[in-house]
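Colleague: Prediction below, plus the sequence it came from.
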Amino acid sequence: QPAEVSRFSSNEQTSCFTPALIFQNLSSPLDLFTCQYCRLDVPYEADEESIMSHCRHCPCVARPDITYMYVCILCSYHTPKSTNMRRHVRKHAGVKPFRCPYCEHSTARAESLTIHITLKHTS
């Protein structure tokens, strides 16, 4: 279970690491992200970089070590790598930017598309 991420302004622990909330957050696409720490609304479609920046710089998130460089504004996920956070944020948004050139299939990860093409479209 991931470490809890706390707010600077209170002792209250905030997390969506429960099966029901993870399912809710990851199963339906979001077009507006509301930061669980500072309550700022960040529209996803306006600019993915705005969400990435907020995950990196939200002033209400405690960052006790390097693994908290990027903290998800919707759940307790945290990582030191921007590429991991970008992939994670896309899960919440339901974005699948990698489209198969041979059919309607799309994926969230480039490597998944490569596997799909190899399995489905290569003789």
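Modeller: Yep, that arrived.
Colleague: Surely residue 38 is in a helix?
Modeller: No: Residue 38 is assigned coil when assessed by DSSP: H, G, I helix; E, B strand; the rest coil, not a helix.
Colleague: excluding its backbone neighbours, what's nearest it?
Modeller: Take residue 38 and drop its neighbours on the chain: the residue closest to it by C-beta to C-beta, 6 or more residues apart in numbering is residue 60, 4.3 Å away. Any C-beta I mention is one placed from the backbone N, CA and C, and that applies to glycine too.
Colleague: residues in contact with the residue nearest in space to the middle of the chain?
Modeller: Nearest to the geometric centre of the chain sits residue 89, at 2.0 Å (C-alpha atoms, centre = their mean). Shown in contact with residue 89 (C-beta atoms under 8 Å, 6 or more residues apart in numbering): 33, 44, 48, 51-52, 55, 72.
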